[in-house]
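**Q** requesting a structural model of the entry that follows:
(one chain, ligands or ions: 1)
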Amino acid sequence: MKKQQLACPSATNSSGASLFGVVNVHGVVSFLPEKVELTEELIELGNQSGSAESKFRYTSKCVESGCNQWTGSACGVIHQLKELDLSEMEQKVQRCPIKNECRWFFQEGISACKICPLFVADFLEKGEGKMETAV
Ligand code: SF4
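**A** You can find the predicted model right below:
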């Protein structure tokens with residue numbers, strides 16, 4: 001049986017990726033009804049006024065061992081996020097357009113979806129090279 005190709009839920013604003021979430025006025029990600037494939041124009045628009053990854057969520061193919069976050073058997077990002085004490089900040093689970101293909105959902109189930117909207121994709125570059133929430 002062919003292995004399912006999973007999607008990275010914390011991709012960058014780049015060619016081949018799709019937009020699927022927007023950081024709302026409360027600093028939490030609201031997911032779009034459907035993902036939107038990026039065009040050159042959308043990539044440029046995303047880069048206006050600061051880092052696109054601090055305002056939007058993007059998805060692209062999970063490249064597994066081709067990514068620095070791959071542990072050898074899984075995505076390490078969601079493991080790191082789950083180690084943070086976020087229980088008081090957990091979000092109501094939203095309908096998400098990439099749920100059927102999401103790497104984090106595949107690994108962690110619905111518990112990933114409760115904290116996922118709190119993060120943007122550039123969190124790993126912030127602080128001391130660690131994570132930062134969108135809120
Ligand atoms: S963890 Fe859940 S909410 Fe976040 S992108 Fe994956 S399926 Fe969507």
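
**Q** quick check, pLDDT for the most far-flung residue of the chain relative to its centre.
**A** Distance from the C-alpha centroid of the chain peaks at residue 1, with 27.7 Å (Cα atoms, centre = their mean). Looking at residue 1, its pLDDT reads 74.

**Q** for the ligand, see how far away it is.
**A** Distance of residue 1 to the ligand, computed by Cβ to the nearest ligand atom, to the nearest Å: 22 Å. Every residue, glycine included, has its C-beta placed from N, CA and C.

**Q** next up, the contacts around that residue.
**A** In this structure, residue 1 makes contact with no residue, judged by Cβ atoms under 8 Å, 6 or more residues apart in numbering.

**Q** over to residue 7?
**A** Applying Cβ under 8 Å, 6+ apart, the residues near residue 7 are 59-62, 98, 101-103.

**Q** and the residue nearest to residue 57 when sequence neighbours are not counted, helix, strand or coil?
**A** Once flanking residues are discounted, residue 57 sits nearest to residue 21: 3.3 Å by Cβ to Cβ, 6 or more residues apart in numbering. Per DSSP: H, G, I helix; E, B strand; the rest coil, the secondary structure class of residue 21 is strand.
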